[in-house]
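Engineer: need a structure here:
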Amino acid sequence: MRLYHFTTANNLEQILENGCINQSDEGVVWLTKNKELEAQEWAGGINPTIRISVSLLNISYFGRNAPPQKIVQGAVDWYTTAQAIPRKLWVDVESLKNGHWCIYKGLSYKNRKK
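Structural biologist: Now for the predicted structure:
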């Protein structure tokens with residue numbers, strides 16, 4: 001399953017330093033099935049220009065009794081997980097430039113060796 005985490009360039013620096021996407025103040029990582037920025041109504045004044053693609057095919061990371069996501073009440077495309085998402089589950093880190101998504105500073109993990 002491919003999901004997307006949207007954030008700001010400022011927050012990305014902390015994410016890269018930590019090596020994982022950590023939980024928000026609500027204690028969850030927010031993910032969506034919708035990769036289009038226009039669909040991200042949650043931003044509320046924040047300008048998310050970074051999109052991290054996440055592959056949750058390896059759900060064993062989350063444990064058998066803890067599904068990798070739960071649907072957010074009333075939101076079709078939104079998911080949350082209480083687990084931090086490590087870099088090994090990232091597919092791409094992209095930045096929005098001139099209305100187009102581009103790989104951010106070479107951070108594509110599609111062809112990495114496992």
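
Engineer: now the helices for this structure?
Structural biologist: Here the chain has its helices, by DSSP state H, at 9-18.

Engineer: Any regions of it where pLDDT drops low?
Structural biologist: The model of the chain has pLDDT under 70 over residues 39-46, 57-76, 110-114.

Engineer: Repeat the analysis, applying 50 as the threshold.
Structural biologist: 43, 60, 63-66, 114 (pLDDT under 50).

Engineer: hey, where'd the strands end up in it?
Structural biologist: Taking DSSP state E, the strands of the chain run over residues 2-7, 20-21, 29-32, 50-55, 70-71, 78-81, 85-86, 90-97, 100-108.

Engineer: In CSV: these, plus distance to Q14.
Structural biologist: (Glycine included, C-beta is placed from N, CA and C.) Shown next, in CSV, are the strands of the chain (distance: least, Cβ to Cβ, whole Å):
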stretch, distance to Q14
strand 2-7, 9
strand 20-21, 10
strand 29-32, 13
strand 50-55, 12
strand 70-71, 25
strand 78-81, 18
strand 85-86, 14
strand 90-97, 13
strand 100-108, 14
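
Engineer: Format those strands as CSV; extra columns: distance to E38 and mean neighbour count.
Structural biologist: Converted to CSV, the strands of the chain look like this (distance: least, Cβ to Cβ, whole Å; neighbours: other Cβ atoms under 10 Å):
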stretch, distance to E38, mean neighbour count
strand 2-7, 11, 20
strand 20-21, 22, 21
strand 29-32, 12, 21
strand 50-55, 12, 20
strand 70-71, 21, 12
strand 78-81, 15, 20
strand 85-86, 23, 18
strand 90-97, 11, 18
strand 100-108, 12, 13
